[in-house]
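Participant: Sequence first, then the predicted structure, then my questions.
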Amino acid sequence: LGAFPATAETADALAELLLQDHEDPFITAAALSSALPHQDNLIATLIARDDPALPRIRLTLADMAISEGNPNALAALTLPVFVAAERNLTQRHADDMASLLDLLARRDSSVTAVSDGASEGPRRELADTHIRLTDHARNLLKDEGSTTEVRLAAATVLARNAADESVVVEFLTGLLSAHTPPAHLQRALGTLAHTSDPRVPESIIGAWATFTPPAREQAADVLLSRAPWTQALLDAVEDRAIRPTDLSPVRRTRLLNHPDEGLRGLAVARIATGENAERAEVIGAYQESLTLEGRTEGGQAKFAELCASCHRLGEVGLNVGPDLRTVVAHPKEKLLANILDPNLDIQPGYHAYNCELEDGEQLFGIITSENATSITLKVTGGAERSILRSDIYALESTTISMMPEGLEAGLTVQEMANLLAFLKGQG
């Protein structure tokens, strides 16, 4: 199709492929490889159809338009999103708009740059809609009579505007409390992560004592997303505002293997002090668990507590690490060693990577797939993040497993025997 004449019929055929088979990565990649010569007609066709599948491919097409220096195509793709948000600023509309604004920022562009020099047409309309929508979002954010959901949507939009960051951070900081419903707190923390305001660490650390364990997990991830914020996290550990035990083993492992040498050194000094780094000694201390009679009920409870955040067995757990059905046939001695020294025998495909993006965001996870233009990183909690290669500043294997060391801190020898009995019983 890429070699066909640039006609409405060709664009219609490409649009049909993209929309009908948008969940098939191979067909999508093939269709997009032919899209460039038909870009303007294709985008016009897609917008005219207004198919529910369009949001799934909008960002890829927008990125293509930016790369080709086609502001008209980019404006045509972007304008419907902004118009929908202006009509009804729901969180979904705000997220769609924010994704496009983030893409423009990563490409050193902006709505102003896209509309520059345009006195009419979609580019001019995009600029005018953006101005009106920004003013509307400001009014909503200030309006204490608006629902929290609406104000959070407004904050999502305004967090991408440096002139509004201060007001956004002030509003979101007010939501960092035990009184805030979990869904709103999750959204507030996620939006704070998209600002660059230096007060963010202070806001999060100041509210740390009020966070439930799930909120602490997300808050820690926000602080780990930028090097200056990670420094603030480690300073809080030194000042005992945050205890090392407040951080999950996965987050402690991430700190101890941070790609920044200075931060890695601070982490070793501040959160690893007193920990037994000799895995062989720990394994030796748990040898008795191999001869004790284990209780599978107790082992199942410990699996749910310590292992299910990364491993799945039956209906319990998340698929981040290897499927444990493939290892339960191993001798108990090998299972014990793998639990207490997870870096001794890392399964292929399960090495952890540090990935730093061009905007300074830092990710940690395992690569689950890759193609010519992107990688997919599975991060803690099982979520997958698709990352354009052009957005990656550095990608480096840590030579360690995603599974952290130190799980023995939550296990007595008898509890280890229980866990081993449960695992062996799943074969």
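Facilitator: Arrived safely.

Participant: Pull out the buried residues from the helix or strand harbouring residue 61.
Facilitator: Using DSSP states H and E, the element containing residue 61 is helix 54-67. Buried residues in helix 54-67, counted by 16 or more other CB atoms under 10 Å: 54, 57-66. In short, each C-beta sits where N, CA and C put it, glycine included.

Participant: Tell me where the stretch 101-250 of the chain has helices.
Facilitator: With DSSP state H, counting those that start in this stretch as the criterion, the stretch 101-250 of the chain has helices at 111-115, 121-142, 148-158, 165-173, 182-192, 200-206, 213-223, 227-238, 249-256.

Participant: still on that earlier bit, among the buried residues of helix 54-67, which one has the lowest pLDDT?
Facilitator: For these, the weakest pLDDT value sits at residue 54, with 72.

Participant: And residue 119, how far from residue 128?
Facilitator: From residue 119 across to residue 128, the span is 11 Å (CB to CB, to the nearest Å).

Participant: Of those two, which one has the most company?
Facilitator: residue 128 (12 against 7; other CB atoms under 10 Å).

Participant: picking up where we left off before, how about the helices of the stretch 101-250 of the chain, which one is nearest residue 323?
Facilitator: Judged by CB to CB, the one of the helices of the stretch 101-250 of the chain that comes nearest to residue 323 is helix 249-256, at 18.7 Å.

Participant: for that closest one, the distance to its chain's centre please.
Facilitator: Centroid separation for helix 249-256 versus its chain: 16 Å, with CA atoms, centre = their mean, to the nearest Å.

Participant: and the angle for that helix with helix 227-238?
Facilitator: Following axes from the mean of the first three to the mean of the last three CA atoms, to 10 degrees, one obtains 110 degrees for the angle between helix 249-256 and helix 227-238.

Participant: mind checking pLDDT for the closest residue to residue 407 other than its chain neighbours?
Facilitator: Distances taken as CB to CB, 6 or more residues apart in numbering put residue 306 closest to residue 407, at 5.6 Å, once the chain neighbours are dropped. Predicted confidence (pLDDT) at residue 306: the value is 86.

Participant: so residue 306 touches residue 411, yeah?
Facilitator: Yes - between residue 306 and residue 411 there is a contact under CB atoms under 8 Å: 7.3 Å.

Participant: Mind listing the shared neighbours of the two?
Facilitator: residue 419 (CB atoms under 8 Å, 6 or more residues apart in numbering).

Participant: Turn the helices of the stretch 101-250 of the chain into CSV, including mean pLDDT and distance to residue 11.
Facilitator: Formatted as CSV, the helices of the stretch 101-250 of the chain follow (pLDDT from 0 to 100; distance: least, CB to CB, whole Å):
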stretch, mean pLDDT, distance to residue 11
helix 111-115, 92, 22
helix 121-142, 95, 17
helix 148-158, 96, 31
helix 165-173, 96, 40
helix 182-192, 94, 36
helix 200-206, 96, 44
helix 213-223, 90, 42
helix 227-238, 96, 45
helix 249-256, 87, 46
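
Participant: could these be laid out in a markdown table, adding distance to residue 337?
Facilitator: Below are those laid out as a markdown table (distance: least, CB to CB, whole Å):
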| stretch | distance to residue 337 |
| --- | --- |
| helix 111-115 | 56 |
| helix 121-142 | 54 |
| helix 148-158 | 46 |
| helix 165-173 | 45 |
| helix 182-192 | 37 |
| helix 200-206 | 37 |
| helix 213-223 | 28 |
| helix 227-238 | 30 |
| helix 249-256 | 17 |
